[in-house]
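*Asks:* output the structure for:
(one chain, ligands or ions: 1)
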Amino acid sequence: MDSHLGLFLLSVVLVFASGFSRNLPILSFEDGYSHLFGDGNLMVLKDGKSAHLTLDERTGSGFVSQDIYRHGFFSASIKLPADYTAGVVVAFYMSNGDMYEDNHDEIDFEFLGNIRGKNWRVQTNVYGNGSTSTGREERYGLWFDPSEDYHDYSILWTEKHIVFYVDDIPIREVKRNEEMGGDFPSKPMSLYATIWDGSSWATNGGKYKVNYKYAPFVARFSDFILHGCAVDPAEPSSSECDVSPYFVSLVNEEITPEQMEKMGSLRKKYLQYSYCYDRFRYKIPLPECEIVSQEADHLLRFDPVTFGGDHHRRGKRHRRSKGISAV
Ligand SMILES: *[C@@H]1O[C@H](CO)[C@@H](O)[C@H](O)[C@H]1NC(C)=O
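*Replies:* So this is what the prediction gives:
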């Protein structure tokens, strides 16, 4: 193939892969976020559009959105630390845990570091109204090395569903279901990004601890999109909020058949854990679960102990897949 044509095609693919197709405004750090913890380990770059979160022996670090939102589209482009990252957790998530101690909501992207030669894994999770004893975790491998380049990780949250995207490709949809009741997040939340030492559980249930010989661990964030219904924190239950015309179309957004197909083919290849298929944890799948036979077959091959359905034998083993909230 003509190399110019090749380059041209490559750049077309890159533009579509980078989430620009939504055409949403990208905020500077100062416009959307504030410092949360970690002093100098949170560094805003000179251009104001990127921030670095560092974990070293002293502390992790994090930032939080200035506003709280009910529903919307929230995204960041993230480049994860490279090399040996066992025990390191990078999280990009929504929560209202500081406002509702006993019945908080949460929507999580959690990146779990790994030993050298093994890739990062991504975990997603959802809690509603304090449903912390009901884990809804899924874990995935990625089809790229997330420490090599920036990739977009996005959360769409509406009244009808929650969709997790990687580079604008949906990897998980949680459809609201009557039976879920309050387990579907409903109260306004802040956006958070953090890096921290998850030695006690992050990599193979805590088998591999953070090794500070490889510190500092730096997670890079940019392309901040906070496009939601910003609610007055003094009246979090009020339905009034600032929205753009685009927000209205977001709220009604459905996953297109093309995206559905992409999601299906990624999931049957990269899914590593899903609570929907873990009969040891949930004898009957939770009400929002839609069982896909190809995913079940794939998980059985990937992890026959967890997904083999041989509960008697597995019962004697350590319950390594038990849900743990990372945040
Ligand atoms: C949420 O939790 C609160 C406090 O526990 C409870 O009063 C309320 O009924 C719950 N809401 C839903 C929708 O389950």
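*Asks:* quick one, what contacts the residue most central in space within the chain?
*Replies:* Nearest to the mean C-alpha position of the chain, by Cα atoms, centre = their mean, lies F109 at 1.6 Å. Counting by Cβ atoms under 8 Å, 6 or more residues apart in numbering, F109 touches 91-93, 122-124, 153, 155, 164. Just so you know, the C-beta spots here come from the backbone N, C-alpha and C atoms, and that holds for glycine as well.
*Asks:* 6 Å - rerun?
*Replies:* 92, 153 (Cβ atoms under 6 Å, 6 or more residues apart in numbering).
*Asks:* how far does the helix or strand that it is a member of sit from its chain's centre?
*Replies:* Taking DSSP states H and E as the definition, one finds F109 inside strand 106-112. Averaging C-alpha positions (Cα atoms, centre = their mean, to the nearest Å) puts strand 106-112 4 Å from its chain's average.
*Asks:* for the very next helix or strand once past it, the averaged confidence score.
*Replies:* Counting by DSSP H and E, the next helix or strand C-terminal to strand 106-112 is strand 121-127. When pLDDT is averaged over strand 121-127, the result is 97.
*Asks:* can you tell me the closest non-neighbouring residue to N125?
*Replies:* Excluding its sequence neighbours, the residue lying closest to N125 (Cβ to Cβ, 6 or more residues apart in numbering) is D108, at 4.4 Å.
*Asks:* and that neighbour, what are its bridge partners?
*Replies:* Y93, N125 (DSSP bridges).
*Asks:* domain parsing for the chain?
*Replies:* 20-236, 258-312 (automatic domain parsing).
*Asks:* distance from the shortest one to the middle of the chain?
*Replies:* Using Cα atoms, centre = their mean, the mean C-alpha position of domain 258-312 is found 18 Å from that of the whole chain.
*Asks:* stretch 223-239 now?
*Replies:* Relative to the centre of its chain, stretch 223-239 is centred 19 Å away, using Cα atoms, centre = their mean.
*Asks:* what average pLDDT does it get?
*Replies:* Stretch 223-239 shows a mean pLDDT of 89.
*Asks:* so that stretch, near the ligand or not?
*Replies:* No - using Cβ under 6 Å from any ligand atom, stretch 223-239 never reaches the ligand; the gap is at least 11.7 Å.
*Asks:* could I get the CA-only coordinates of that stretch as PDB?
*Replies:* Extracted in PDB, the C-alpha atoms of stretch 223-239 (Å, rounded to 0.1, in the frame of the first residue of the first chain):
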ATOM      1  CA  ASP A 223      -9.000  16.000  27.900                       C
ATOM      2  CA  PHE A 224     -11.300  16.600  30.800                       C
ATOM      3  CA  ILE A 225     -14.900  16.400  29.900                       C
ATOM      4  CA  LEU A 226     -17.500  17.100  32.500                       C
ATOM      5  CA  HIS A 227     -20.700  17.400  30.700                       C
ATOM      6  CA  GLY A 228     -23.600  16.900  33.000                       C
ATOM      7  CA  CYS A 229     -26.500  18.300  34.900                       C
ATOM      8  CA  ALA A 230     -24.700  20.400  37.600                       C
ATOM      9  CA  VAL A 231     -26.800  20.500  40.700                       C
ATOM     10  CA  ASP A 232     -26.700  23.100  43.500                       C
ATOM     11  CA  PRO A 233     -24.900  21.300  46.400                       C
ATOM     12  CA  ALA A 234     -27.100  23.100  48.900                       C
ATOM     13  CA  GLU A 235     -30.200  21.500  47.300                       C
ATOM     14  CA  PRO A 236     -29.000  18.200  45.900                       C
ATOM     15  CA  SER A 237     -32.500  16.700  45.600                       C
ATOM     16  CA  SER A 238     -33.700  19.600  43.500                       C
ATOM     17  CA  SER A 239     -34.200  18.700  39.900                       C
END
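*Asks:* returning to what we had before: buried stuff in the strand holding F109?
*Replies:* By neighbour count on 16 or more other Cβ atoms under 10 Å, the buried set for strand 106-112 is 106-112.
*Asks:* just to revisit the earlier point, what's the pLDDT at the residue nearest to the centre of the chain?
*Replies:* pLDDT at F109 comes out at 97.
*Asks:* over to K322?
*Replies:* With respect to pLDDT, K322 scores 41.
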